[in-house]
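Trainee: Fold the following, please.
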Amino acid sequence: MAALSLAAFEKVVHGTDGFRPRPGQHAMAQCIADTLAQADLGEHATPTKAIAVIQAGTGVGKSAAYASTAIAMALERKTRVLISTATVALQEQLMTKDLPALAASMDKPFAYALAKGRGRYVCKVKLERLVGTGAGEEELFDDDMPQPKVSALSQEAIEERRQSLYESMAHKLAVVSWDGDRDTLPDTPDPRDWSAVAAERHTCTARHCPRYKECSYYNARTKLAEANVIVANHDLVLASLGMKTLPDLDNCLVVFDEGHHLPAVALDQFSSAMDLSNLRWLDKLPKTMNEVAGKLALHLGEDVQTVTSQLKGALTTLARMAMDLVWAQTGRNAQGSGNDGTLRFANGVLPEALVEPTTQIHAQASGLSKVLEALGVDVKAVAKDDPSQAVLCAQLYAHLGGLAPRLASLVSTSQLLLEHGEQPLAKWLQAESESSFLTMTAHACPIVPGDLLRQFLWSQVRGAIVTSASLTSCGSFDYFLKEAGLSNKPYVTALEVASPFDYAAQGTLTVVHTRADPKQADAYTAEMVGMLMDDIEQVKRGALVLFTSRAQMRAATEAAPGHLMDMVLVQGTQSRARLLAAHTARVESGMPSVLFGLQSFGEGLDLPGALCETVFIAKLPFAPPSDPVDEARAEWLRSVGRDPFNELVIPATGIKLLQWTGRAIRTEEDHAHVVCYDKRLTLTAYGRRMLSGLPPYRQEQRKSGGII
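Mentor: Residues are numbered from 1 along each chain as shown. All right, here's what the predicted structure looks like:
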């Protein structure tokens, strides 16, 4: 079976225009074929697992290697392939370029589809409610987030715009010129406008809905069920665990491309937060539940008005105490300006004073959540037993469902805040002010992503490939394997496939030795910016400058003289797509162009040839020291005698540096330079560790005031 799938890969490589045989790509395909052939899928008493972790350097052609090999094996084994990515850009590349090319060149035909979250599709029942009679429009738009004051005329214009949008959407659906997918609309709707008609899980009666057979989301689900290859994203895969949205992970082959994102996505998926400030929705909760029950002659069985009042009181108490704690830490008060602040609880221990109101919140929110869920079940039952009321039931269920996530966040967050085990959680309060309105939120999050992935993901997966151009740090897979929950597993194979590029011949890495110590932020930034300005003067075509903070990028922007700012494009001043289009147009017209960007520009940005002949790195990309989850994890590691700097900070920074330097050379024809102004890269032991994990550029050094 491995031989058959490898043969399919060989046929694709030799039979596709523009492809050339590459030893590294062949080694990757061989590893994929051998790994996936070992995995036992479906019913097995003692199934064999097999997972390959493959770092494929830039230019290897990893998507062609894994797609052709895994798809051929899946077709042979009569199963499916789930390809999960971290970015929309890679999803689009797979759906519009890679998979169509493979489908045209492989012997066996296959169907492929893109999986999206339910909320990307329109709910026809909600849309009809708004477009038809307009009934219920006010309550659907009665959002609880604070809004800037607008004039009556402005509000009227907003309502007219919304109504026009909904009528246009309804018309497009009626004439079948739109499939109900938000992403296929010519203009992306405002999130607030879209939320009123989105097909969210909590607001959907599924098979009991009168529009079920023509539902945009379920039609897309049908296409997924018919597809041999499904393209999804890490968030959706982790959010869908235990559901039937995607294929069962123990009965399909899985590829996680851009796999280095998995740990961060896991932490995000299993974190929880509750809003302590915006509580107007609680005033509507009992009224809504009683109205729904009354219209269908259902019995609630609980005094929801009393319990809701108690819940609101506990939340108000906790919010007041939280504000006092945050302001006491930051030295501010309610009358002061700039009340933003974060208070993390040391060792994940909730202060004793907060335990009682948090316990009350958990008990009351849990009780109300159960009543709401039971009422929803009863509403579905009425729709099933009396089809003549199906439309009404669908509308009422949607109205109830809008409250369910809010209650769920209270239940899950309060539960996590009250938990305390051997390995603590990160727990913190966050005060944020915007438009003179203060929002207080409480947060809780696990601190070790590997534990989460091992428990919830790898326990289900049988055969998988995890790949990326940046899985090693400081020349080792150790850090990623620990973060991903794959360390010391006998069924895991790790392979590093080098890039086909000749880095020593194609590029240089220059480390600049500043007089100022990088730890002296103000002095270092001033010196670095001065040298950067001199270096930008030498740029003839395209260049990219990567900063570690907005303050640093702002300092450089403000220091640039007029003639240099004419060639600089700054992240955040316009959309990413427009910035890149402007940059490309300038370079292609023979003008110099320099992009200023932050972390998101350091990964996934593909600027081959003249578009990026120099990458300037302002400083080693250490993560900000104030992140509550990172702080909590470092605190825990120190408490058990481990060193968070060596164990976490250095490897994480090493991976970022690998990504940042990877922006320089994108093809075999490129010639580019990387300039790093941080002397710690060569003068410290940890810097040299990071340096050892970078591509083998020809290395140079210069002192402040020297010439590149």
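
Trainee: most distant residue from the middle of this protein?
Mentor: Counting by Cα atoms, centre = their mean, the extreme residue of the chain relative to its mean C-alpha position is A297, 43.3 Å from that point.

Trainee: so where do the helices sit in the stretch 301-450 of the chain?
Mentor: Chain-ordered helices for the stretch 301-450 of the chain, with DSSP state H, counting those that start in this stretch as the definition, fall at 304-330, 352-385, 390-401, 404-418, 449-453.

Trainee: Relative to G463, which of the ones you listed is closest?
Mentor: Nearest to G463 among those is helix 449-453; the distance by Cβ to Cβ comes to 16.2 Å. Heads up, the C-betas are built off the backbone N, CA and C, glycines and all.

Trainee: Mind listing what's buried along that closest one?
Mentor: For helix 449-453, burial by neighbour count (16 or more other Cβ atoms under 10 Å) applies to P449, G450, L452, L453.

Trainee: what about the closest residue to the last one other than its chain neighbours, neighbour count?
Mentor: What it means is L453. Counting by Cβ to Cβ, 6 or more residues apart in numbering, L453 lies nearest to G485, which is 3.9 Å off, once chain neighbours are set aside. Summarising burial for G485: neighbours were counted as other Cβ atoms under 10 Å, giving 23.

Trainee: again with A685
Mentor: Around A685 there are 9 residues (other Cβ under 10 Å).

Trainee: which one is L605 nearest to, not counting chain neighbours?
Mentor: Take L605 and drop its neighbours on the chain: the residue closest to it by Cβ to Cβ, 6+ apart is R663, 5.6 Å away.

Trainee: about what we covered before: tell me which residues touch the residue nearest to L453, please.
Mentor: For G485, the contacting residues are P449, G450, D451, L452, L453, R454, Q455, L457, W458, by Cβ atoms under 8 Å, 6 or more residues apart in numbering.

Trainee: about what we covered before: tell me the pLDDT of the residue nearest to L605.
Mentor: What the model reports as pLDDT for R663 is 95.

Trainee: Let the chain start at 129 from now.
Mentor: That works, and once the first residue is 129, the last one we named lands at R791.

Trainee: And it, how far from T186?
Mentor: From R791 over to T186 the distance is 9 Å, taken as Cβ to Cβ, to the nearest Å.

Trainee: Looking at the two, which has the bigger crowd around it?
Mentor: Here R791 and T186 are compared on neighbour count by other Cβ under 10 Å; more neighbours surround R791, at 24 against 21.

Trainee: Quick check on that one: phi, psi?
Mentor: According to degrees, to the nearest 10, the main-chain angles of R791 amount to phi -70, psi -10.

Trainee: could you list every residue that touches it?
Mentor: Under the criterion of Cβ under 8 Å, 6+ apart, the contact partners of R791 comprise L672, L674, F729, G730, L733, L735, C740, V743.

Trainee: Secondary structure, neighbour count and pLDDT added to these, as JSON lines?
Mentor: What follows is those, written out as JSON lines (DSSP: H, G, I helix; E, B strand; the rest coil; neighbours: other Cβ atoms under 10 Å; pLDDT from 0 to 100):
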{"residue": "L672", "secondary structure": "strand", "neighbour count": "26", "pLDDT": "98"}
{"residue": "L674", "secondary structure": "strand", "neighbour count": "29", "pLDDT": "98"}
{"residue": "F729", "secondary structure": "helix", "neighbour count": "21", "pLDDT": "95"}
{"residue": "G730", "secondary structure": "helix", "neighbour count": "23", "pLDDT": "94"}
{"residue": "L733", "secondary structure": "coil", "neighbour count": "22", "pLDDT": "90"}
{"residue": "L735", "secondary structure": "coil", "neighbour count": "23", "pLDDT": "95"}
{"residue": "C740", "secondary structure": "coil", "neighbour count": "25", "pLDDT": "97"}
{"residue": "V743", "secondary structure": "strand", "neighbour count": "26", "pLDDT": "98"}
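
Trainee: and which of those residues is nearest to E288?
Mentor: Comparing the contacts of R791 against E288 with Cβ to Cβ places F729 closest, at 38.5 Å.

Trainee: Contact partners for the closest one?
Mentor: By Cβ under 8 Å, 6+ apart, the contact set of F729 is L672, L674, Q699, L723, R791.

Trainee: From E328, how far out is the residue nearest to L581?
Mentor: G613 sits 30 Å away from E328 when distances are taken as Cβ to Cβ.

Trainee: Relative to E797, how far out is the closest residue to L453 other than its chain neighbours?
Mentor: Distances taken as Cβ to Cβ, 6+ apart place L471 nearest to L453, at 5.5 Å, with adjacent residues excluded. Using Cβ to Cβ, L471 is found at 53 Å from E797.

Trainee: quick one: which of the two has more around it?
Mentor: Taking L471 and E797 together and counting by other Cβ under 10 Å, L471 has the greater number of neighbours (18 against 10).

Trainee: picking up where we left off before, Serialize the buried residues of helix 577-581 to CSV and add fields for distance to K555.
Mentor: Putting the buried residues of helix 577-581 into CSV (distance: Cβ to Cβ, whole Å) gives the following:
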residue, distance to K555
P577, 17
G578, 20
L580, 17
L581, 21
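
Trainee: which sections of the protein are below the confidence cut-off?
Mentor: Across the chain, residues meeting the criterion (pLDDT under 70) sit at 146, 261-281, 458-467, 563, 833-836.

Trainee: Would you list the phi and psi of L599?
Mentor: Here is the backbone geometry of L599 (degrees, to the nearest 10): phi -110, psi -20.

Trainee: how close does it sit to N475?
Mentor: Counting by Cβ to Cβ - L599 and N475 are separated by 32 Å.

Trainee: of these two, who's got more company?
Mentor: L599 (25 against 12).

Trainee: Now do the same contact list for the nearest residue to that one once chain neighbours are set aside.
Mentor: With Cβ to Cβ, 6+ apart as the measure, Q183 is the residue that lies nearest to L599, at 4.2 Å, once sequence neighbours are left out. Under the criterion of Cβ under 8 Å, 6+ apart, the neighbours of Q183 are T595, S596, A597, S598, L599, T600, F605, L623, E624, V625.

Trainee: re the thing from before, confirm the residue nearest to L581 sits in a helix?
Mentor: No - for G613, which was evaluated using DSSP: H, G, I helix; E, B strand; the rest coil, the result is coil, with no helix membership.

Trainee: Would you mind measuring from it to H362?
Mentor: Look at G613 and H362: by Cβ to Cβ, they are 14 Å apart.

Trainee: for S677, same thing?
Mentor: Taking Cβ to Cβ as the measure, S677 falls 26 Å from H362.

Trainee: can you list the domains in this protein?
Mentor: 130-239+355-396+577-625, 251-336, 401-572, 631-831 (automatic domain parsing).

Trainee: which of the ones you listed is buried the deepest?
Mentor: Comparing the domains of the chain on average neighbours per residue, with mean count of other Cβ atoms under 10 Å, the densest one is domain 130-239+355-396+577-625 at a mean of 19.

Trainee: End to end on that one, go ahead and measure it.
Mentor: Across domain 130-239+355-396+577-625, the terminal residues are separated by 19 Å (Cα to Cα, to the nearest Å).

Trainee: ditto for stretch 571-585
Mentor: By Cα to Cα, the extent of stretch 571-585 from end to end equals 23 Å.

Trainee: and if you look at stretch 595-604?
Mentor: Taking Cα to Cα, the first and last residues of stretch 595-604 lie 15 Å apart.

Trainee: What lies in contact with it?
Mentor: With Cβ under 8 Å, 6+ apart, stretch 595-604 has contacts from 156, 181-186, 190, 194, 383-388, 605, 607-608, 624, 731, 778-780, 782-783, 786-787, 790, 817-818, 820-821.

Trainee: Give me the nearest residue to A780, chain neighbours excluded.
Mentor: Distance criterion Cβ to Cβ, 6+ apart; nearest residue to A780, sequence neighbours excluded, is A751 at 6.4 Å.

Trainee: from what I can see that neighbour touches V777, true?
Mentor: Yes - when contacts are counted by Cβ atoms under 8 Å, A751 is listed as touching V777 (7.3 Å).

Trainee: anything in contact with each of those two?
Mentor: Taking Cβ under 8 Å, 6+ apart as the contact rule, A751 and V777 have no neighbour in common.
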